[in-house]
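> got a predicted structure here, sequence first:
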Amino acid sequence: MSKKSILQSIFIILMFAVLTASAVFGQGNSFSFQGRLNDGTNPANGSYDLQFRLYDAIAGGTQIGAVVSRPNTTLINGVFSVALDFGATAFNNPNSIFIEISVKPNGSPNAYTILGPRQQLTVVPFALRASTAANADNATNAQNATTATNSLSLGGLTSSDFVQNRTTPQTANFNVSGNGIVGGNMGIGTTTPTSKLDIVGQDGLRITGSQPFLTLRDSNNANLRSIIQSSDGRLLFYPNSFIGGNPAMTLDNLGILNLGNASGNLAKIMINGGTDLGLAASNTSNVNPAVRGQNLAGGVGVSGISNTGIGVEARSNSGIALSVIGPATQSLTDGGLVKAMIYVSATGQIVRCYNGSSGLSTANCGFTITHTALTGVYLINFGFQVNDRFYSIMTQKGGNQSFIGSYEINGGLGSGEIRIFINKSHESGSSSGSDAEFSFIVY
C-alpha cells in the first residue's frame with residue numbers, strides 16, 4: 001500500500017463505555033477512537049500497524065505526550081476501533097489538540113505513512129480532564145462533579161437505576177437482558193461466597209419449566225454429563241450412559257426409590273438388576289448383619305420374589321449366612337420351605353405347630369385334628385391342599401416301646417386332609433393300632 005493510494009477519512013466516536021467510563025469519572029485517561037481507512041477507492045481490510053501522536057497545532061507545532069502504537073489492528077470494511085491513552089496532562093489545553101495518524105501494513109518493513117491532515121480533538125474527550133480540573137470538585141453544574149447539584153444522576157436517571165460496583169448492598173432491583181460473565185464467586189443471600197454460586201436461603205434455587213433438569217459435567221473426563229430431572233413430581237437420575245433412555249434411578253411421589261427401572265411399587269426400594277446382581281451388601285462386622293429387614297408392624301421383614309432364578313441368596317465365609325428372627329413363610333405355590341409342622345399328643349391334641357403359609361405358630365395354627373374311634377388313627381385337616389407335597393412322620397418312643405407311623409392321602413380324603421396311622425414297631429402291618437405321640441411335617 002503506497003502513500004498515494006491511501007485515501008483516509010477519519011471520524012472520532014467517544015463513547016461512555018468500557019474504556020471511557022472510568023476516564024470520564026476521573027479514574028483513568030483512556031478513550032475509544034474509531035476511524036475509517038480507504039485503500040485507493042475501496043475500504044481497507046486486514047491487519048495494519050497504526051501509530052497515533054498528539055500535537056498542539058494542525059501543522060508543525062510541538063508533540064504532546066508519547067507516541068501510541070497499535071500494531072496488528074484489524075480493519076473490517078475500512079473501520080477500526082482502538083483505545084488510546086496519552087496521559088492525564090495531554091488535555092491541559094483543550095483548544096489546541098490535534099491527532100496525527102500513521103499507518104502501514106502489518107509486519108511491513110517499510111516506513112509508516114502519515115495520513116494528513118491532522119484532526120482536531122474537541123469537546124467530548126476533555127471529559128478526561130475532569131479528574132484533575134482545578135474547579136471541578138465544587139462546580140454547581142458539573143456533570144461528574146462530586147458535590148454538583150446533579151452529581152447523582154446520569155442522563156436524568158438516578159443512581160438506583162444502575163448496577164453499582166461496590167461492596168455494600170445496593171437498595172435497588174435490576175433487570176439485565178443478555179449474557180454475563182462473573183470471574184470470581186457470586187453470592188446470593190451472602191456477602192462471603194465460597195463457591196462459584198453460593199446461595200443462602202431455605203428456598204435457594206428454583207427451576208421452573210416443562211420437565212426441568214440440572215446438568216452436571218465432569219471437565220476431568222471429556223465433559224461427560226449426568227442429569228437430574230423433575231417429571232410429574234418425580235426425581236429422575238440419568239448418569240451419562242443412561243441419557244436418552246430410562247433413568248438409572250427414580251424417586252417417586254410415594255417415596256419409592258426405583259433402581260434400574262423396576263416395575264411396580266411393591267416396596268419402598270425397587271431394584272431391577274437386569275442380568276446383574278440386583279442388590280449386594282457386605283460388611284466386616286461379626287455382630288451386625290450386612291442386610292437387615294425389620295417390620296415393626298408385624299408384617300414381612302424381607303421378601304424375595306423370583307420368576308426363574310434366586311429371589312434371595314445368603315452367603316457367609318465363616319459366620320451365619322441367613323438368620324431369621326420370627327416366622328419364615330412361603331407361598332403355598334412355591335417350594336423350599338416347610339409348609340406345615342404339627343406335634344400331636346397320644347390323645348389327639350395339638351401340642352405345638354407351625355403354619356408355613358400364614359406364619360402362625362400359636363393355638364392350632366389353623367389346623368384341625370380328629371382322634372378317630374380307631375386306636376392309633378388320627379385325621380389332620382391343614383386347611384390348604386397338601387396331597388401334592390412331600391411328608392415326613394416321626395413317632396415318640398414310649399418307655400421301652402417303639403412306634404412307627406404311616407399316612408394316607410387318598411381314600412376319599414379332601415385335598416387338605418391326611419390320615420395318620422400309629423402302630424407299635426412289632427405290629428407293623430397289623431390292623432390294630434396304638435395311640436402315641438407323633439410329629440408330621442409337610443414340605
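In hand now; what should we look at? Numbers count the residues shown, from 1 in each chain.
> got the end-to-end distance for stretch 96-109?
End-to-end span of stretch 96-109 (C-alpha to C-alpha, to the nearest Å): 33 Å.
> determine how far it lies from the middle of the whole chain.
56 Å (C-alpha atoms, centre = their mean, to the nearest Å).
> just stretch 67-82 next, same as before
47 Å.
> quick one, domains of this structure?
6-131, 213-271, 340-442 (automatic domain parsing).
> nearest to residue 311, of these?
domain 213-271 (11.9 Å; C-beta to C-beta). Glycine gets a C-beta too; all of them are placed from N, C-alpha and C.
> tell me where this structure is predicted with low confidence.
The chain contains residues with pLDDT under 70 at 1-28, 123-156, 159, 265-266, 298, 426-432.
> apply 50 and report the result again.
1-26, 123, 125-132, 134, 137, 145, 428 (pLDDT under 50).
> the lengthiest strand in it pairs with which strands, parallel or anti?
For the chain, the strand with the greatest residue count under DSSP state E is strand 63-75. Next to strand 63-75 in the sheet, as set by DSSP bridges, lie strand 46-55 (antiparallel).
> now the host helix or strand of residue 36 and strand 46-55, what's the angle there?
Assignment of secondary structure by DSSP states H and E places residue 36 within strand 31-39. Comparing the axes of strand 31-39 and strand 46-55 via axes from the mean of the first three to the mean of the last three C-alpha atoms, to 10 degrees yields an angle of 120 degrees.
> give me the buried positions along strand 31-39.
Within strand 31-39, the residues scored as buried using 16 or more other C-beta atoms under 10 Å are 31, 32, 33, 35, 36, 37, 39.
> now do stretch 38-57
Neighbour counts using 16+ other C-beta under 10 Å place 39, 44, 48, 49, 50, 51, 52, 53, 54, 55 of stretch 38-57 among the buried residues.
> put the alpha carbons of the strand holding residue 36 into PDB.
The C-alpha coordinates for strand 31-39 follow below in PDB (Å, rounded to 0.1, in the frame of the first residue of the first chain):
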ATOM      1  CA  PHE A  31     -10.800   6.900  25.400                       C
ATOM      2  CA  SER A  32     -12.100   5.000  22.400                       C
ATOM      3  CA  PHE A  33     -11.100   6.200  19.000                       C
ATOM      4  CA  GLN A  34     -12.800   4.900  15.800                       C
ATOM      5  CA  GLY A  35     -11.800   5.700  12.300                       C
ATOM      6  CA  ARG A  36     -12.200   4.700   8.600                       C
ATOM      7  CA  LEU A  37      -9.400   3.900   6.200                       C
ATOM      8  CA  ASN A  38      -9.600   3.500   2.500                       C
ATOM      9  CA  ASP A  39      -7.000   1.800   0.300                       C
END
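> check which helices and strands it sits against.
With contacts taken as 3 or more C-beta pairs under 8 Å, 6 or more residues apart in numbering; DSSP states H and E, strand 31-39 sits against strand 6-9, helix 18-24, strand 79-84, strand 98-105.
> how far away is the closest residue to residue 182 other than its chain neighbours from residue 225?
The shortest distance from residue 182 to any non-neighbouring residue, by C-beta to C-beta, 6 or more residues apart in numbering, is to residue 196 (7.8 Å). With distances taken as C-beta to C-beta, to the nearest Å, residue 196 is found 17 Å from residue 225.
> cool, residue 386 as well?
The gap separating residue 386 from residue 225 is 59 Å, by C-beta to C-beta.
> so between the two, which is more surrounded?
A direct count of neighbours by other C-beta atoms under 10 Å for residue 386 and residue 225 places residue 386 higher, at 24 against 13.
> was I right to think that one contacts residue 338?
No: between residue 386 and residue 338 there is no contact under C-beta atoms under 8 Å: 11.8 Å.
> now do the shared contacts for those two.
With contacts taken as C-beta atoms under 8 Å, 6 or more residues apart in numbering, residue 386 and residue 338 have residue 442 as neighbours in common.
> ramachandran coordinates for the closest residue to residue 205 other than its chain neighbours?
Take residue 205 and drop its neighbours on the chain: the residue closest to it by C-beta to C-beta, 6+ apart is residue 199, 5.7 Å away. Backbone geometry at residue 199, expressed as degrees, to the nearest 10, gives phi -110, psi 130.
> who does residue 199 bridge with?
residue 188.
> neighbours of it, how many?
14.
> and it, how far from residue 103?
Residue 199 sits at a distance of 52 Å from residue 103 (criterion: C-beta to C-beta).
> separation between residue 225 and residue 245?
From residue 225 to residue 245 the distance is 14 Å (C-beta to C-beta).
> hang on, I meant residue 337
Distance from residue 337 to residue 245, by C-beta to C-beta: 38 Å.
> if you count what's nearby, which of those two comes out ahead?
For residue 337 versus residue 245, the count of surrounding residues by other C-beta under 10 Å is larger for residue 337: 12 against 9.
> excluding its backbone neighbours, what's nearest the more buried one?
residue 330 (4.1 Å).
> isn't that neighbour up against residue 357?
Yes: Residue 330 is within contact range of residue 357, at 7.3 Å (criterion: C-beta under 8 Å).
> mind listing what's buried in stretch 365-385?
Within stretch 365-385, the residues scored as buried using 16+ other C-beta under 10 Å are 365, 367, 369, 371, 376-384.
> and the residues you listed as JSON lines, adding distance to residue 277 and secondary structure?
Below are the buried residues of stretch 365-385 laid out as JSON lines (distance: C-beta to C-beta, whole Å; DSSP: H, G, I helix; E, B strand; the rest coil):
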{"residue": "365", "distance to residue 277": "36", "secondary structure": "coil"}
{"residue": "367", "distance to residue 277": "39", "secondary structure": "coil"}
{"residue": "369", "distance to residue 277": "45", "secondary structure": "strand"}
{"residue": "371", "distance to residue 277": "51", "secondary structure": "strand"}
{"residue": "376", "distance to residue 277": "52", "secondary structure": "coil"}
{"residue": "377", "distance to residue 277": "51", "secondary structure": "strand"}
{"residue": "378", "distance to residue 277": "47", "secondary structure": "strand"}
{"residue": "379", "distance to residue 277": "47", "secondary structure": "strand"}
{"residue": "380", "distance to residue 277": "42", "secondary structure": "strand"}
{"residue": "381", "distance to residue 277": "43", "secondary structure": "strand"}
{"residue": "382", "distance to residue 277": "37", "secondary structure": "coil"}
{"residue": "383", "distance to residue 277": "38", "secondary structure": "coil"}
{"residue": "384", "distance to residue 277": "34", "secondary structure": "coil"}
